[in-house]
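Colleague: pasting a predicted model and its sequence here:
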Amino acid sequence: MKLSQLVGQRLKEAPRDAQTASHIFLIRGGYVRLVSAGLYTLLPLGRRITRKIEQILREEMDRVDGQEIRMPVVLPADLWEESGRYGKVGSELLRFKDRNGKDMLLGMTHEEAVVQVARTELVSYKQLPSMLYQIQTKYRDEARPRAGLIRVREFTMKDAYSFHNSQECLEKYYERCHEAYVRIFKRIGLKQCLSILSDSGMMGGAVSHEFMAIADCGEDTIFASPDGSYRANREVATAKLAFTKDAPQPLSKVHTPNCKTIADVAGFLKLSPEQTCKAVFYKDQDNKLVFACIRGDLEVNEAKLRKAIQCPEIDFANDELIRAAGAVPGFASLLGIDANKIRVVVDPSVSESSNLVVGANEEDHHMLNFNFARDAAGREHIIVTDIATVREGDPCPLTGQPLQALKGIEVGNIFQLGTKYSAPMSCNYLDQDGKSKPMIMGCYGIGVGRAMAAVIEQCHDDYGPVWPMAIAPFQVHLIGLNINQPEVRQACDKLYQSLIDAGIDALYDDRGEKAGFAFADADLIGVPLRLVVSPKTLAQNQVEFKQRSWGKRSELIALDGVLPFVQQQIQELMALCRPDTPTA
RNA sequence: CGGGGCGUAGCGCAGUCUGGUUAGCGCGAGUGGUUUGGGACCACUAGGUCGGGGGUUCGAAUCCCUCCGCCCCGACCA
């Protein structure tokens, strides 16, 4: 490819809207262009990269016996009615009617569609296990697209679905897919990509993992122990907190004028927040009250709370709703709350601690020495479960070491779905005993564009991306300086042709721009290997060579040895992304 | 959906508060020339519904109303 013909201009200045490294360089380098919020056109450079990523995805999916298919983007709503998701999923599902008034939708994920395939094509246990995958467009009507390709509305996804006749088979296969994912992210050149335990959210199912590319601009917070033995998303992370357990002291009421917050109470009573109990009121989608109880220094984790009460949507309750339940806002506690009337969730930090300060459920009063076992005894409707948000430095649940907080971009995830979709949609197979049984399913997704952006986040310098060889838009970037001189032009043309003939993916800057201009463009395009030919180098029968990652350093190589040298370099850089040793 | 910011040439911006000739500047683009190893220089040229609509006014990029779009924070998110 000649740079003079390449569509997609490099920009000296980034659009004001671009703030993260990947967004800035994707725009400045001419990889993508914004069409509308969260909708991008991939220009030739961007498309070259995503094609290479997609090829790696195909190879690795095929390695775990996947078979590529293609399902429609547009799906009939009735298919989603079958699984029950049509009504459950919110407005990120784009719904519309076709010309006949039939309800349609744009697929945001394809469990329903693939189940329809499986239930007609897979009928016997002899055909299981089986895995189908596709690389295809997904549409999600995101409330807030952000950071270029990190969060978009339309994107390309590799989505894979496996079908099994037993949980054991699923678990074994899930492990294979996990390994495939580790290989994939290594092959595309991510330097740090961790698989972590995650909340399965709307996908349902028991076990799921997210693959997180570690990056400061990431939207997810991960907690990890220093030795790497424990890693979890903030939504599910737990900590092994120590609770002080002293002999229970008698309950006593104390006057606490205007002490509505934990800080007020602790300050007024000259106690630490750890010695208090926080009462937080939520409401569910039916406006019913949910009462969460946690030690004063901790914060309620809403994802955990939603899970604890099996409720997809919660929000803070207003004072009116709290009063209607007989509680006094700011001074509420388990004391005086009828656990039979409202749902109560108590964190172990409260049930396992002793002599806490709690609200007296009376204006301007608190109670000293609350002990859950003694003072809330016999309330069988109370759910006691972990609803605490983990903080950096909290003890790891496995090792007790202080947990580290990391920011990550979710580039992939895998789920053990079980029969969540197969059962309601009658996706059955005939077992050896002739009985019809629902298939056990797993699903496995990777966002292609997001993966490309994540690579930039991890692989760039001040001047542009530093593409890993495996997904670089080109393998070699050839620059001719003073190319208006016929001997330079001739030498460059010849070198370019020999690279092409050798099957090397070469980009040829034949524009005759000044050196600085050409180099700045080359940095933005980020091709891993660079060759510079100029009158100076030609005079010595040499070519200047550098790796993109070297910064401004370079070395001279003999002109007649360029081809084998470049081939060697390509091999060496490809080796950096070889997935030989799965580590994550 | 809540809070904040922004919308003037392909990109980055000035002008708006305090209304007034023909709406400017830099980058980028085109032509000609001088240059040529880290984003050169000179000259000329092209490129604008000042986000849209409505209003106030002798006169609106500028003031008022309204709609739309984009970005950031939050909520939400397989």
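Modeller: Okay, I see it.
Colleague: ok, which residues in the stretch 401-550 of chain A are in contact with RNA strand B?
Modeller: Selection of the stretch 401-550 of chain A residues close to RNA strand B by CB under 7 Å from any atom of the strand yields A:413, A:415, A:445, A:447, A:463, A:481-482, A:484, A:512-517, A:519-524, A:532, A:534, A:536-537, A:544, A:546. Using the backbone N, CA and C atoms, a C-beta is placed for each residue, glycine as well.
Colleague: direction included, what does the longest strand anywhere in chain A pair up with?
Modeller: Longest strand in chain A, counting residues (DSSP state E): strand A:404-418. Paired with strand A:404-418 in the same sheet, following DSSP bridges, are strand A:208-214 (antiparallel), strand A:220-224 (antiparallel), strand A:440-447 (antiparallel).
Colleague: how about those in a markdown table, adding distance to A:Asp98?
Modeller: Shown next, in a markdown table, are the strands paired with strand A:404-418 (distance: least, CB to CB, whole Å):
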| stretch | distance to A:Asp98 |
| --- | --- |
| strand A:208-214 | 34 |
| strand A:220-224 | 37 |
| strand A:440-447 | 27 |
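Colleague: wait, which of those is closest to A:Ala180?
Modeller: strand A:440-447 (8.2 Å; CB to CB).
Colleague: who are the packing partners of the helix or strand just after the closest one?
Modeller: Using DSSP states H and E, the next helix or strand after strand A:440-447 towards the C-terminus is helix A:448-458. Counting contacts by 3 or more CB pairs under 8 Å, 6 or more residues apart in numbering; DSSP states H and E, helix A:448-458 is packed against helix A:21-28, helix A:44-63, strand A:154-164, strand A:208-214, strand A:404-418.
Colleague: please work out the average pLDDT along the second one.
Modeller: Spelled out, that is helix A:44-63. Per-residue pLDDT values across helix A:44-63 average out to 96.
Colleague: any idea where the strands of the stretch 201-350 of chain A begin and end?
Modeller: With DSSP state E, counting those that start in this stretch as the criterion, the stretch 201-350 of chain A has strands at A:208-214, A:220-224, A:231-233, A:252-255, A:277-284, A:289-295, A:314-316, A:343-346.
Colleague: same deal with the stretch 351-500 of chain A?
Modeller: Under DSSP E, counting those that start in this stretch, the stretch 351-500 of chain A gives strands at A:356-362, A:365-370, A:383-384, A:404-418, A:428-430, A:436-438, A:440-447, A:460-461, A:464-465, A:476-480.
Colleague: nearest residue to A:Leu531 in space, please, no chain neighbours.
Modeller: Distance criterion CB to CB, 6 or more residues apart in numbering; nearest residue to A:Leu531, sequence neighbours excluded, is A:Leu478 at 4.7 Å.
Colleague: can you redo the helices and strands packed on helix A:448-458 as CSV with distance to A:Glu112 and mean neighbour count?
Modeller: Output for the helices and strands packed on helix A:448-458, formatted as CSV (distance: least, CB to CB, whole Å; neighbours: other CB atoms under 10 Å):
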stretch, distance to A:Glu112, mean neighbour count
helix A:21-28, 32, 24
helix A:44-63, 21, 19
strand A:154-164, 11, 24
strand A:208-214, 19, 25
strand A:404-418, 12, 22
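Colleague: ok, which of the ones you listed comes nearest A:Ser498?
Modeller: Checking the helices and strands packed on helix A:448-458 against A:Ser498 by CB to CB gives helix A:44-63 as the closest, at 21.3 Å.
Colleague: list the buried ones in the very next helix or strand once past the closest one?
Modeller: Following helix A:44-63 in sequence order, the next helix or strand is strand A:66-68 (DSSP H and E). For strand A:66-68, a neighbour-count test (16 or more other CB atoms under 10 Å) marks A:Gly66 as buried.
Colleague: tell me the strands beside the following helix or strand past strand A:66-68, with direction?
Modeller: Sequence order places strand A:74-76 as the next helix or strand after strand A:66-68, per DSSP H and E. Here strand A:74-76 has these sheet partners by DSSP bridges: strand A:103-106 (antiparallel).
Colleague: which secondary element of chain A has the worst mean pLDDT?
Modeller: Counting by mean pLDDT, DSSP states H and E, chain A has its least confident helix or strand at helix A:319-324, which shows a mean of 75.
Colleague: residues in contact with it?
Modeller: Outside of helix A:319-324, the residues within contact range by CB atoms under 8 Å, 6 or more residues apart in numbering are A:Phe281, A:Lys283, A:Asn287, A:Leu289, A:Val328, A:Pro329, A:Ala332.
Colleague: now stretch A:423-441
Modeller: Contacts for stretch A:423-441 (CB under 8 Å, 6+ apart): A:82-84, A:111-112, A:115-116, A:118-119, A:122-125, A:127-128, A:161-167, A:169-170, A:417-422.
Colleague: I'd like to know which of those residues are buried.
Modeller: Neighbour-count burial (16+ other CB under 10 Å) applied to the contacts of stretch A:423-441 gives A:82-83, A:111-112, A:115-116, A:118-119, A:122, A:125, A:128, A:161-165, A:169-170, A:417-422.
Colleague: what stretches of the stretch 201-350 of chain A score poorly on pLDDT?
Modeller: A:201-205, A:312, A:338-340 (pLDDT under 70).
Colleague: helix/strand/coil for A:Gln134?
Modeller: Classification of A:Gln134 by DSSP: H, G, I helix; E, B strand; the rest coil places it in strand.
Colleague: so who does it touch?
Modeller: By CB under 8 Å, 6+ apart, the contact set of A:Gln134 is A:Glu68, A:Ile69, A:Arg70, A:Met71, A:His110, A:Lys158, A:Asp159, A:Ala160.
Colleague: what is the burial count for the fifth one?
Modeller: Okay, so that is A:His110. 26 (other CB atoms under 10 Å).
Colleague: against RNA strand B, how distant is it?
Modeller: Distance of A:His110 to RNA strand B, computed by CB to the nearest atom of the strand, to the nearest Å: 9 Å.
Colleague: wait, which of the contacts of helix A:319-324 is closest to RNA strand B?
Modeller: Using CB to the nearest atom of the strand, A:Lys283 comes nearest to RNA strand B of the contacts of helix A:319-324, at 12.2 Å.
Colleague: number of residues surrounding the closest one?
Modeller: When counting by other CB under 10 Å, one arrives at 19 neighbours for A:Lys283.
Colleague: can I assume it is in contact with A:Ala317?
Modeller: Yes - A:Lys283 sits in contact with A:Ala317 when judged by CB atoms under 8 Å, with a separation of 4.3 Å.
Colleague: would you mind naming the residues that bridge with the residue nearest to A:Leu531?
Modeller: The partner residues for A:Leu478, given DSSP bridges, come to A:Tyr508, A:Leu531.
Colleague: if we can go back for a sec, shared neighbours of A:Lys283 and A:Ala317, anything?
Modeller: Residues touching both A:Lys283 and A:Ala317 (CB under 8 Å, 6+ apart) are A:Leu289, A:Val290.
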